[in-house]
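Colleague: A structural model of the following input is requested.
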Amino acid sequence: MDCLFCAIVAGDIPSRGVYADDTAYAFLDINPWHRGHTVLVPRRHVADLLEQPEGLGEIAPAINATGRLLVDRLGAQGLNLLSNAGAVAGQEVFHLHVHLIPRYADRPGMAGLMQRESDIDLDEVYRQLVAG
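Modeller: You can find the predicted model right below:
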């Protein structure tokens with residue numbers, strides 16, 4: 001199987017991991033919309049939430065833990081969760097994944113979600129998240 005996210009989970013492709021447990025792995029998105037934008041994937045390969053709906057339930061505790069980490073350590077005032085199922089919905093990597101996107105008061109609402117922040121220092125965000 002040739003899956004980008006399986007390779008990241010296996011450690012074959014480097015990532016800035018911010019959360020891991022027995023069922024899930026979360027890492028900073030390399031092309032973030034907002035500071036702290038994180039991708040969370042199940043460790044096992046699941047194509048999407050429609051193909052195997054139980055996959056989303058398996059990673060729910062990790063979604064909660066990672067969301068709390070992002071809000072607490074980055075000072076976010078909110079959080080968006082996004083998961084695309086199928087190419088027409090915008091899914092590009094066909095391994096179930098959830099985007100956790102911290103939200104800040106300077107860009108509220110859905111319109112603010114679509115405005116990408118510029119000049120995000122991923123290494124600095126990573127330090128904030130793993131150093132506590």
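
Colleague: Centre-most residue in the protein?
Modeller: The centre of the chain sits closest to Val39, judged by Cα atoms, centre = their mean, with a distance of 1.8 Å.

Colleague: Please list all residues in contact with the closest residue to Ala47 other than its chain neighbours.
Modeller: Leaving out its chain neighbours, the residue that sits closest to Ala47 by Cβ to Cβ, 6 or more residues apart in numbering is Phe94, at 5.1 Å. (Each C-beta comes from the backbone N, C-alpha and C, glycine too.) With contacts defined as Cβ atoms under 8 Å, 6 or more residues apart in numbering, Phe94 is in contact with 3, 47-48.

Colleague: Near the closest residue in space to Arg35 that isn't next to it in sequence, how many other residues are there?
Modeller: Counting by Cβ to Cβ, 6+ apart, Ile120 is the residue found nearest to Arg35 once chain neighbours are left out, at 5.3 Å. Neighbours of Ile120 under the rule other Cβ atoms under 10 Å: 17.

Colleague: Now do the SS call for Ile120.
Modeller: coil (DSSP: H, G, I helix; E, B strand; the rest coil).

Colleague: State the distance from the residue nearest to the centre of the chain to Val71.
Modeller: Look at Val39 and Val71: by Cβ to Cβ, to the nearest Å, they are 17 Å apart.

Colleague: and if you look at Leu4?
Modeller: Relative to Val71, Leu4 is positioned 27 Å away (criterion: Cβ to Cβ).

Colleague: which residues touch the helix or strand of the chain with the lowest mean pLDDT?
Modeller: The helix or strand of the chain with the poorest confidence is helix 109-113; it has a mean of 87 (mean pLDDT, DSSP states H and E). For helix 109-113, contacts defined as Cβ under 8 Å, 6+ apart pick out 33-34, 80, 101, 103, 106-107.
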